[in-house]
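**Student:** coordinates for the following, if possible.
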Amino acid sequence: MTQQDKKKKCYLYTRVSTVAQTDGFSLEAQSKSLYEYAKYRELEIADEYCDAGKSGKDIKGRPAFQQMMEDIICQKDSISYVLVFKLSRFGRNAADILKSLQLLMDYGIDLISVNDAIDSSTQGGRLTLAILSAVAEIERENIVVQFMAGKMQKVMDGKWAGGAIPYGYRNQNKELVLADDETKIVRLIYDLYLKENMSATSVVSYLNDNGYVRGRNDSDKDRPFTFDFVTCVLDNPFYCGKLLYNRRTNKKGRDGKLIKKDLDKVITVQGVHEPIVTEDEWREVQKKRESLSKVNEKVDEPERISLLSGLVKCPVCGAGMIATKNKRVNKNKGGYYKTIHYYACKIPGKQMGGRVHSVIPITRRNWMAQCLR
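**Tutor:** Predicted structure coming up:
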C-alpha cells in the first residue's frame, strides 16, 4: 500500500442532538454532504459512525464516537481523515474537541469540517478549530438555557412539561386527560387509605388479593401492585391538581448519591389537568403518612449492630435482606422465650403485601458463610 493510497481513506461521523434537531442537521443531510465531499476529494470511505439522538456535551454519552476513536488508536483502517458536517457535530465541549483533535494529530489524521470549510492539516485550520470549539460549547449552553426556559414557561402555564406520564392519565394531543381504568385504581387507593383507614401495605394486599391489574400496557397486566407504587400515588400532588417543578436532580455528590434539591427552589403551580382527588383529601393523606413515618427508638439491645443488613441478598428475588427478630411471650412461665435473630427479605412485607419468603438465621456459621461468599 502506497502513502498516496493511505491518505485517501477516511471516516465519516454524524450526530443529531437530543435537545434540538433541524432538517439541515438531520442524519441524512449530514451523510449526503459528507459522501459528496469524499467523492469530490476522491477519498475512500473506510467506515461511517453515527450517534443518533446523542448530546454533544461530552464524549461519554456517544458510543459511536468512542468506537471511532478506539478504531483510530488501533489503526484499524489506517485512515488519514475524519469528516464531519459541522464542528458542532463533532462535539460541543471545547476541552473534548481539542483533546480529540490532539489524538487525531498524534496518529497523523486530520479533521475536516465540511460545512465550516475547516481543515486541521493547515495552521489556520487548527486555530479556527480552537476558536469554533469554544463557540460550539457556548452555543450548547445557550440551547440548554432556551430549552429550560421554554419548559419553565409551560409549567408556569399549568401544563405538563414532559417526562413520564403519571399513572391515571394519558397523552391526548399533547395534553393530559384521565385514563378511566387507571383513574379508578388511583381513586380506590385514596379511598382505602383514608376512608377504610388501611395502611399502605394493606392497600397493596387488597389490590393484589382482589385481582386488580395495573393495566397501562400488556407488560403491566401481570405486574403486581407494590408498596413503592402505592406510596408514589399517595405522595404525588399531581393527583390533586398541582404541578411541581425543579424537585428532582440528576447531580450526584462525592458519595455517589443524588443531591437533594433545596425545597425553597421547588416551584408549585396549579395545573390545568383534571384532578382525581381533592386538595383536602391529599393533605389528609400527607398528615397520616407523616404520623406513620416516625422512626421508633430501639428498646431492646440498642447497642446491637447488624453488619450485613442490605448486603445479604435474598436467594429468591435478589433484594437486600434486613435484620429482624422473633421475641415471644412465655405464657406458661412468664417472661419471654429466647429471642431469635435472623435476616429476612425486605420486599414481601412492604412491596408485595405478603409474608416473608426468605429467612437466614443469624448464627456465627451463617455469618461467616455470608462474609466468605
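**Student:** burial measure for the closest residue to L292 other than its chain neighbours, as a count.
**Tutor:** Among residues not flanking L292 along the chain, S199 sits closest, at 7.1 Å (C-beta to C-beta, 6 or more residues apart in numbering). (Glycine included, C-beta is placed from N, CA and C.) Counted with other C-beta atoms under 10 Å, residues neighbouring S199 total 16.
**Student:** against R289, how distant is S199?
**Tutor:** S199 sits 10 Å away from R289, going by C-beta to C-beta, to the nearest Å.
**Student:** same question for L188.
**Tutor:** Distance from L188 to R289, by C-beta to C-beta: 17 Å.
**Student:** for I73, same thing?
**Tutor:** 55 Å.
**Student:** the more surrounded of the two?
**Tutor:** More crowded of I73 and R289, by other C-beta under 10 Å: R289, with 14 against 11.
**Student:** next, the more buried one: secondary structure please.
**Tutor:** Following DSSP: H, G, I helix; E, B strand; the rest coil, we place R289 in the helix state.
**Student:** that one contacts L234, doesn't it?
**Tutor:** Yes - in this structure, R289 is within contact of L234 by C-beta atoms under 8 Å, at 6.5 Å.
**Student:** and the strands in the stretch 101-250 of the chain, which stretches?
**Tutor:** With DSSP state E, counting those that start in this stretch as the criterion, the stretch 101-250 of the chain has strands at 110-113, 118-119, 169-172, 175-178, 242-245.
**Student:** contact partners of the second one?
**Tutor:** When you say that, I think you mean strand 118-119. 87, 110-112, 125, 128-129, 132 (C-beta atoms under 8 Å, 6 or more residues apart in numbering).
**Student:** check the last one too.
**Tutor:** Here strand 242-245 makes contact (C-beta under 8 Å, 6+ apart) with 152, 155, 158, 160-161, 237-238, 266-271, 279.
**Student:** please, a PyMOL command that selects the buried ones among those residues?
**Tutor:** One line in PyMOL is enough to select the buried members of the contacts of strand 242-245, burial here meaning 16 or more other C-beta atoms under 10 Å:
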select buried, resi 155+160+237+238+271
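**Student:** farthest pair in the contacts of strand 242-245?
**Tutor:** M152 and E279 (23.6 Å; C-beta to C-beta).
**Student:** which residues does K313 bridge with?
**Tutor:** G320 (DSSP bridges).
**Student:** for it, grab the count of nearby residues.
**Tutor:** Neighbours of K313 using other C-beta under 10 Å come to 17.
**Student:** what of C314?
**Tutor:** Using other C-beta under 10 Å: C314 sits among 20 other residues.
**Student:** number of residues surrounding F90?
**Tutor:** 24.
**Student:** ok so, going back, and the contacts of strand 118-119 as a markdown table, adding pLDDT?
**Tutor:** Formatted as a markdown table, those follow (pLDDT from 0 to 100):
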| residue | pLDDT |
| --- | --- |
| L87 | 79 |
| D110 | 89 |
| L111 | 90 |
| I112 | 90 |
| G125 | 79 |
| T128 | 77 |
| L129 | 72 |
| L132 | 68 |
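**Student:** which one of the residues you listed sits closest to G168?
**Tutor:** Among these, and counting by C-beta to C-beta, the member closest to G168 is L87, at 46.0 Å.
**Student:** would you confirm that that closest one contacts L98?
**Tutor:** No - using C-beta under 8 Å, L87 is not in contact with L98; the gap is 11.3 Å.
**Student:** who has more neighbours, these two?
**Tutor:** Using other C-beta under 10 Å as the criterion, L87 and L98 rank with L87 on top: 23 against 16.
**Student:** tell me the mean pLDDT over the helix or strand hosting L83?
**Tutor:** Counting by DSSP states H and E, the element that carries L83 is strand 81-84. Mean pLDDT, computed over strand 81-84, is 92.
**Student:** could you number the chain from 5 rather than 1 from now on?
**Tutor:** Renumbered: residue one is now 5, and that last one reads strand 85-88.
**Student:** partners of it, with directions?
**Tutor:** According to DSSP bridges, strand 85-88 has these partners: strand 13-19 (parallel), strand 114-117 (parallel).
**Student:** run a quick neighbour tally on Y341.
**Tutor:** 12.
**Student:** again with the one 3 residues further on
**Tutor:** Burial measure for I344: 13 neighbouring residues, criterion other C-beta under 10 Å.
**Student:** how about it: what's its closest non-neighbour residue?
**Tutor:** That would be N330: by C-beta to C-beta, 6+ apart, it lies 4.3 Å from I344.
**Student:** quick one: residues contacting that neighbour.
**Tutor:** So N330 contacts 343-344, 346 (C-beta under 8 Å, 6+ apart).
**Student:** one step back: out of the strands of the stretch 105-254 of the chain, deepest packed?
**Tutor:** Comparing the strands of the stretch 105-254 of the chain by mean neighbour count (mean count of other C-beta atoms under 10 Å), strand 114-117 ranks first with a mean of 22.
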